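Below is the sequence, then the predicted model.
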Amino acid sequence: MARIGYDRNDGRCVLCGKSREQVRKLILGVYGGVCIDCIALCNEIIKGESAPPEDFSFGGVPKPKEIYRILSQYVVGQEQAKRSLSVAVYNHFKRINAPSSDVELQKSNILLIGPTGSGKTLLAQTLARILNVPFAIADATSLTEAGYVGEDVENILLKLIQAADTGDSMQATIRNAERGIVYIDEIDKIARKAENPSITRDVSGEGVQQALLKILEGTVANVPPQGGRKHPQQEYVQINTANILFIVGGAFEGLDKIIERRISESSLGFRAEAKSKKDRNIGEVLRHVMPEDLLKYGLIPEFIGRLPVVSTLDALDADALKRILVEPKNALVKQYQKFFEYDGVDLVFTDDALSAIASEAIKRGTGARALRTIIEEVMLNIMYEVPSNKDVKKVIISAETILEKKEPTLVTLGEMKAAS
């Protein structure tokens, strides 16, 4: 038993090393003593470590405004979606970092609804970059219910584990993966084929939704480290999905009609104008989506319940596509200009050329995805020829280059000197 005393000739504090003559009191134990000053200091340290929850720091997670600001550096438009994602992600990381309390905070998995090429995948990729967490993309169309030809849902987690590889032990990799983000694309393709449950098995639709329920909610999943189908003799790695943020996205073609039908039925007796698909703003319609609309589309109630945050994206118009070409940090025009800069050549796109590219992308109907394809088609021969021509110092891309496939204007060093 420890005792207070001054009778040991060799009594020193084992923490600070002061002798008994230098301290007020020395509490002696079997292996030595601790002075009163060191005990007071330890007490202060313990009090500091047990600070109340309101003083808790959330591990450096950016605030919603900061997340929104960084998203805006890469994603043009989609203001509502960026705000919604910023708040949902911030709350998600508060949930997994905060001390345990008497209030259970549920997961904030996210459903993104928007046309092809509107920026769903880019939003998810940028979030992972901001938060510096492992990120994996999966395609829902390749998933099937366990026991059928196709990928098991656990293979989604395998991709995350591979992305989270730290080069250390498997345990360290798993811990890293358990705070990652998974984006599942084409989620609308696993909607069941009819609104009412079918007596026949729907292995790539409702069956996949059922299989995804547990990992979306949070479970300890057995993942085959080599991928492929699971079988009894196989070894597994276990991963807890409770703190993994799942973002699922899809175009949900035809959902707007379901929403309009519901709205028109609820407003019978009021004057309503019928608009063609060309005239109406589909993004505006999708903002009124309700769980019952998703249910009619073919998502099962339990699956909808695991996705509490629903955010819609607008179809990109010509102005938005034009801004995408030049404004983001990774804008296509900036990328190509950097490629030419390495060869000492100045690449210029006229304003008419940018408008022509945006117009062509709208005609192709694949949103921002079409922009790179159009530019590649135009730039292939230029990027092949110019590096070999040391006289060329400037390349000007005009609307005629885009629309009529005319050769771009090449300005040589001599012409630049003559003009100056």
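Received it, and whenever you're ready, just let me know what you need.

low-confidence ranges in the protein?
1-10, 44, 46-60, 99-102, 145-150, 193-204, 227-233, 266-280 (pLDDT under 70).

which residue ends up closest to the midpoint of it in space?
The residue lying closest to the centre of the chain (Cα atoms, centre = their mean) is residue 124, at 2.2 Å.

Now do the same contact list for that one.
The contact partners of residue 124, by Cβ atoms under 8 Å, 6 or more residues apart in numbering, come to 112, 135, 137, 181, 183, 247, 249. Quick note: C-beta positions are derived from backbone N, CA and C, even for glycine.

care to break this structure down by domain?
3-50, 64-312, 318-419 (automatic domain parsing).

Does the residue nearest to the centre of the chain lie in a helix or a strand, and which?
Using DSSP states H and E, the element containing residue 124 is helix 120-131.

Show me which residues of that helix are buried.
Neighbour-count burial for helix 120-131, counted by 16 or more other Cβ atoms under 10 Å, picks out 120, 121, 122, 123, 124, 125, 126, 127, 128, 130, 131.

Mind putting the residues you listed into CSV with distance to residue 318?
Formatted as CSV, those follow (distance: Cβ to Cβ, whole Å):
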residue, distance to residue 318
120, 20
121, 22
122, 19
123, 21
124, 25
125, 24
126, 23
127, 27
128, 30
130, 29
131, 33
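
Strands along the stretch 201-350 of the chain, start to end?
Taking DSSP state E, counting those that start in this stretch to define them, one finds strands in the stretch 201-350 of the chain at 220-223, 237-240, 245-250, 309-312, 346-349.

and after the last one, which helix or strand comes next?
Which is strand 346-349. Using DSSP H and E, the next helix or strand after strand 346-349 towards the C-terminus is helix 351-364.

List the contacts of that next one.
The contact list for helix 351-364 (Cβ under 8 Å, 6+ apart) reads 317-319, 321-322, 325-326, 333, 349, 367-368, 370-371, 373-375, 397-399, 401-403.

at 10 Å what do you get?
117, 315-326, 332-333, 349-350, 367-375, 377-378, 396-404, 408 (Cβ atoms under 10 Å, 6 or more residues apart in numbering).

on that earlier part again, would you point to the one among the strands of the stretch 201-350 of the chain that's packed deepest?
Compared across these, strand 245-250 shows the largest average neighbour count, a mean of 25 (mean count of other Cβ atoms under 10 Å).

Export only the CA atoms of that strand, formatted as CSV.
Taking Å, rounded to 0.1, in the frame of the first residue of the first chain, the C-alpha atoms of strand 245-250 are listed here in CSV:
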residue,chain,number,x,y,z
LEU,A,245,-20.3,6.1,-46.8
PHE,A,246,-22.2,4.7,-49.8
ILE,A,247,-23.2,7.0,-52.6
VAL,A,248,-25.4,5.5,-55.3
GLY,A,249,-26.4,7.2,-58.5
GLY,A,250,-28.4,6.7,-61.7
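
and it with helix 120-131, angle?
Between strand 245-250 and helix 120-131, the angle comes out at 160 degrees (axes from the mean of the first three to the mean of the last three Cα atoms, to 10 degrees).

Just give me the longest helix of the protein.
The longest helix of the chain (DSSP state H) is helix 79-97.

coming back round to it: by neighbour count, sort out the buried ones in the contacts of helix 351-364.
117, 315-316, 320-325, 332-333, 349-350, 367-368, 370-371, 374-375, 378, 397-402, 408.

Which of those fall within helices?
Using DSSP H, the members of the buried ones among the contacts of helix 351-364 that fall in helices are 320-325, 332-333, 370-371, 374-375, 378, 399-402.

Show the backbone phi and psi for the residue nearest to residue 307 when sequence neighbours are not counted.
Distances taken as Cβ to Cβ, 6 or more residues apart in numbering place residue 111 nearest to residue 307, at 4.2 Å, with adjacent residues excluded. In terms of degrees, to the nearest 10, the main-chain angles of residue 111 are phi -110, psi 120.

so residue 111 bridges to which residues?
Counting by DSSP bridges, residue 111 forms beta bridges with residue 248, residue 310.

how about it, what does it touch?
184, 187-188, 246-250, 252, 289, 294, 299, 303-304, 306-312.

Swap in 7 Å and give it another go.
By Cβ atoms under 7 Å, 6 or more residues apart in numbering, the residues touching residue 111 are 248, 307, 309, 310.

how about those residues in a markdown table, adding distance to residue 234?
Converted to a markdown table, the contacts of residue 111 look like this (distance: Cβ to Cβ, whole Å):
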| residue | distance to residue 234 |
| --- | --- |
| 248 | 28 |
| 307 | 31 |
| 309 | 35 |
| 310 | 37 |
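
picking that back up, let's have the strands of the stretch 201-350 of the chain in CSV, adding distance to residue 166.
Compiled in CSV, these are given as follows (distance: least, Cβ to Cβ, whole Å):
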stretch, distance to residue 166
strand 220-223, 17
strand 237-240, 14
strand 245-250, 19
strand 309-312, 29
strand 346-349, 40
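
Kindly state which of these is positioned closest to residue 34.
strand 237-240 (40.5 Å; Cβ to Cβ).

Tally up the residues packed near residue 94, please.
15 (other Cβ atoms under 10 Å).

What separation is there between it and residue 237?
Residue 94 sits 28 Å away from residue 237, taking Cβ to Cβ, to the nearest Å as the criterion.

go on, residue 389?
Look at residue 389 and residue 237: by Cβ to Cβ, they are 55 Å apart.
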